[in-house]
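Q: sequence unknown, structure follows:
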C-alpha cells in the first residue's frame with residue numbers, strides 16, 4: 001500500500017502525523033516522555049504564568065496522575081517550581097536558557113546602538129526589558145557613569161527580573177497590554193511594599209497604568225527601593241504592539257519626579273522610538 005500523503009481534512013493530517021510519531025517511537029527515534037515534558041512547559045505564558053495540575057491535565061488531555069508525574073519530574077530537574085498552593089510556574093532555569101535566545105533576537109541587536117546613544121547622551125544606565133509573567137526581565141543594560149549611578153543600578157544585568165509594578169519599565173509594559181490580559185495579570189500580582197512609595201492597592205495601580213497609557217511615559221518614585229527613581233518609554237514591534245520598554249534609573253536626590261520627566265523624558269522617548277524604527281527595517 002502506498003504511503004498516505006493527503007493533507008485534507010485537517011483531522012486526517014493530525015492523525016497521520018500522530019501515527020508517524022508512534023512509528024518513530026517504536027524505532028527508537030522519538031520520545032513521547034520528552035514530548036509530554038515540553039508540552040507542559042509550553043502551557044505557560046505571560047497570560048498563564050501559574051497553573052495547577054487540573055488545568056495542565058485539561059490542556060494536555062492527559063490524566064491528572066500522569067500530568068503530576070511529568071510535572072514532578074520537571075520540578076526535580078529545576079524547570080518548574082511550585083507556590084504555596086502547589087500550583088506550578090516556570091523556574092528561573094527556563095528563563096536562563098532563554099537568555100541565549102534573547103541574545104540572538106532582533107530586539108536586542110536592534111536596540112544595542114540606541115541604548116548606547118542613550119547612555120552617552122545622559123551618562124545614565126540605559127536598560128531594555130520585556131514582560132515575563134508578572135515580572136520584567138532585563139534583555140540588555142548599558143552602564144552609566146554619573147555620580148550615584150552604581151547604587152541605583154542595584155547590580156542588575158541581562159536576565160535579572162523585578163516585580164513589574166515596582167518599576168517604570170514594568171508599568172509601561174503592563175499599561176500597554178490588552179485590557180483582558182492586563183486585568184488577569186493585575187489579579188495575579190502580589191503588591192508587597194518594597195520601597196517607601198510602593199503601590200500596594202490594585203485600584204491605585206489601575207489608576208497609575210491609565211495615566212501611563214495617556215502620557216506614553218512611565219515614572220517610578222521610590223517604589224522599587226528608597227532613593228531610586230525611574231523613567232521609561234515603550235518600544236513598539238513591527239505590528240504596533242508594545243513589546244519592550246527602555247528605562248533609566250536615577251538617584252532620587254538628583255531630580256524630583258517632574259524634573260525627571262522634563263530632563264530625561266525626551267531622551268528616553270527618543271531611544272524607544274529609534275529602537276521601534278529599527279525593528280521595522
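A: Right, received. Where do you want to start? What you see is a predicted model; the values in this text were computed from it and never measured.
Q: list the buried residues of stretch 253-271.
A: Across stretch 253-271, burial judged by 16 or more other Cβ atoms under 10 Å covers 254, 255, 260, 261, 264, 265, 267, 268, 269, 270, 271. From N, CA and C alone the C-beta is placed, and that goes for glycine too.
Q: what's the closest non-adjacent residue to the second one?
A: The shortest distance from residue 255 to any residue that is not its chain neighbour, by Cβ to Cβ, 6 or more residues apart in numbering, is 6.0 Å, and that residue is residue 263.
Q: so how far is residue 233 from the one you found?
A: For residue 263, the distance to residue 233 equals 14 Å [Cβ to Cβ, to the nearest Å].
Q: repeat that for residue 38.
A: In terms of Cβ to Cβ, residue 38 sits 36 Å off from residue 233.
Q: with residue 221 instead?
A: Applying Cβ to Cβ to residue 221 and residue 233 gives a distance of 17 Å.
Q: higher neighbour count, these two?
A: Comparing residue 221 with residue 233 by other Cβ atoms under 10 Å, the one with more neighbours is residue 233, at 27 against 18.
Q: so what pairs up with the more buried one in the strands?
A: Counting by DSSP bridges, residue 233 forms beta bridges with residue 246.
Q: wait, it touches residue 244, no?
A: No - assessed by Cβ atoms under 8 Å, residue 233 is found out of contact with residue 244, at 10.1 Å.
Q: so residue 205 makes contact with residue 183?
A: No - taking Cβ under 8 Å as the definition, residue 205 is not a contact partner of residue 183, at 11.0 Å.
Q: those two: which is more packed in?
A: Legend: neighbour count by other Cβ under 10 Å for residue 205 and residue 183, higher for residue 205 (20 against 12).
Q: in three-state terms, label the nearest residue to the more buried one once chain neighbours are set aside for me.
A: Computed as Cβ to Cβ, 6+ apart, the closest residue to residue 205 that is not its neighbour in sequence is residue 199, at 5.0 Å. Assigned by DSSP: H, G, I helix; E, B strand; the rest coil, the conformation of residue 199 is coil.
Q: tally of neighbours for residue 199?
A: When neighbours are counted by other Cβ under 10 Å, residue 199 registers 23.
Q: one more: the one 5 residues further on?
A: The local packing count at residue 204 equals 13, with neighbours defined by other Cβ under 10 Å.
Q: what's the answer for residue 273, then?
A: Residue 273: 16 neighbours (other Cβ under 10 Å).
Q: next: residue 121.
A: Neighbour tally, residue 121, other Cβ under 10 Å: 15.
Q: where does the chain have low pLDDT?
A: In the predicted model, the chain carries pLDDT under 70 at residues 1-30, 46, 95-105.
Q: need the helices for it, in chain order.
A: 10-26, 32-42, 53-60, 64-77, 92-104, 106-122, 149-153, 168-175, 179-188, 202-215, 257-280 (DSSP state H).
Q: of all those helices, which one is nearest residue 249?
A: Closest to residue 249 of the helices of the chain is helix 149-153 (Cβ to Cβ; 4.5 Å).
Q: off-centre distance for that closest one?
A: Between the centre of helix 149-153 and the centre of its chain there are 23 Å (Cα atoms, centre = their mean, to the nearest Å).
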